[in-house]
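>>> Just need the structure, nothing else, for what follows:
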Amino acid sequence: MISLTALWLPILLSAVFVFIISSVMHMVFTYHNSDFKGLKNEKEVMDALRPLDLPVGEFVFPYAKDNKERQTEEHKEKLNKGPVAFINVFPNGQPSMGASLIQWFLYSVIISLFSGYVAAEALIGQSDYLSVFRFVGTTAFMGYSFALLQNSIWYKRPWSTTLKSVFDGLIYGLITAGTFGWLWPA
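Numbers count the residues shown, from 1 in each chain. Sure thing, here's the model as predicted:
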């Protein structure tokens, strides 16, 4: 059995590689540019929301605190009248890429850590490259991708947007798998 301490190099290096490749992918390729759409009346919507001083957070409207309230005629009427939306309100000003990039890197380290753990539990020490690649790649792909599907199922995110991110997760999983296969302890 391989200990996680023996996998510190592939864990960290795969996270670094994913960080670099994901940055390049998002700067060079433009397939994520269509993930969001602008409102044709954006100015009017922003002008209407601005005086409400919405707090930072995630919201749904019309809102119902429980199933009992969701079943009321009043709530059903609000749903039918619309609009129905999920919104994320961010702090005003330029977004801080630094904090998000640090969180992304730590997330990649965690996925590599768990991918390494699964492979270390499933494989023997001197496993071949392809065996390591399969276990780590499958686990990393699942970590980067599968939770995204529920956004399309429950929150109506366009499937095209979700599937592009799942494709990204496949690339990140393959990078993680290749790194572990290369640096697996002999």
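
>>> State the distance from the spatially most distant residue from the centre of the chain to Tyr144.
Residue farthest from the centre of the chain, counting by CA atoms, centre = their mean, is Glu73 at 36.3 Å. For Glu73, the distance to Tyr144 equals 43 Å [CB to CB, to the nearest Å]. Glycine gets a C-beta too; all of them are placed from N, C-alpha and C.

>>> Specify the local secondary structure of Ile124.
coil (DSSP: H, G, I helix; E, B strand; the rest coil).

>>> likewise Ala64?
Per three-state DSSP, Ala64 ends up coil.

>>> Surely Phe86 is in a strand?
Yes - counting by three-state DSSP, one finds Phe86 located in a strand.

>>> Settle this for me: it is touching Val60, isn't it.
Yes - with contact defined as CB atoms under 8 Å, Phe86 and Val60 form a contacting pair (5.1 Å).

>>> CA-only coordinates of stretch 34-42, as CSV, when you get a sec.
Taking C-alpha atoms only, stretch 34-42 is exported to CSV below (Å, rounded to 0.1, in the frame of the first residue of the first chain):
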residue,chain,number,x,y,z
SER,A,34,-21.2,32.1,-24.5
ASP,A,35,-21.8,30.7,-21.0
PHE,A,36,-23.7,33.8,-19.9
LYS,A,37,-26.0,36.1,-21.8
GLY,A,38,-26.6,39.8,-21.4
LEU,A,39,-30.1,41.3,-20.9
LYS,A,40,-31.3,43.4,-23.7
ASN,A,41,-32.5,45.9,-21.1
GLU,A,42,-29.5,45.5,-18.8
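
>>> out of everything not next to it in sequence, what's closest to Phe105?
Phe19 (5.1 Å; CB to CB, 6 or more residues apart in numbering).

>>> tell me which strands and helices the helix or strand where that neighbour lies is in contact with?
Using DSSP states H and E, the element containing Phe19 is helix 8-28. Here helix 8-28 touches helix 97-122, helix 159-183, going by 3 or more CB pairs under 8 Å, 6 or more residues apart in numbering; DSSP states H and E.

>>> Show me this protein divided up by domain.
4-36+95-183, 42-89 (automatic domain parsing).

>>> And the residue nearest to Phe105, how far from Leu170?
17 Å.

>>> So for those two, which sits in the more crowded spot?
Phe19 (18 against 15; other CB atoms under 10 Å).

>>> helix/strand/coil for the nearest residue in space to Pro62 that is not next to it in sequence?
Spatial nearest neighbour of Pro62, excluding adjacent residues (CB to CB, 6+ apart): Lys78 at 3.7 Å. Following three-state DSSP, the label given to Lys78 is helix.

>>> For Gly116, list the residues it contacts.
Going by CB atoms under 8 Å, 6 or more residues apart in numbering, Gly116 touches Leu4, Leu7, Pro10, Ile11, Val136, Phe180.
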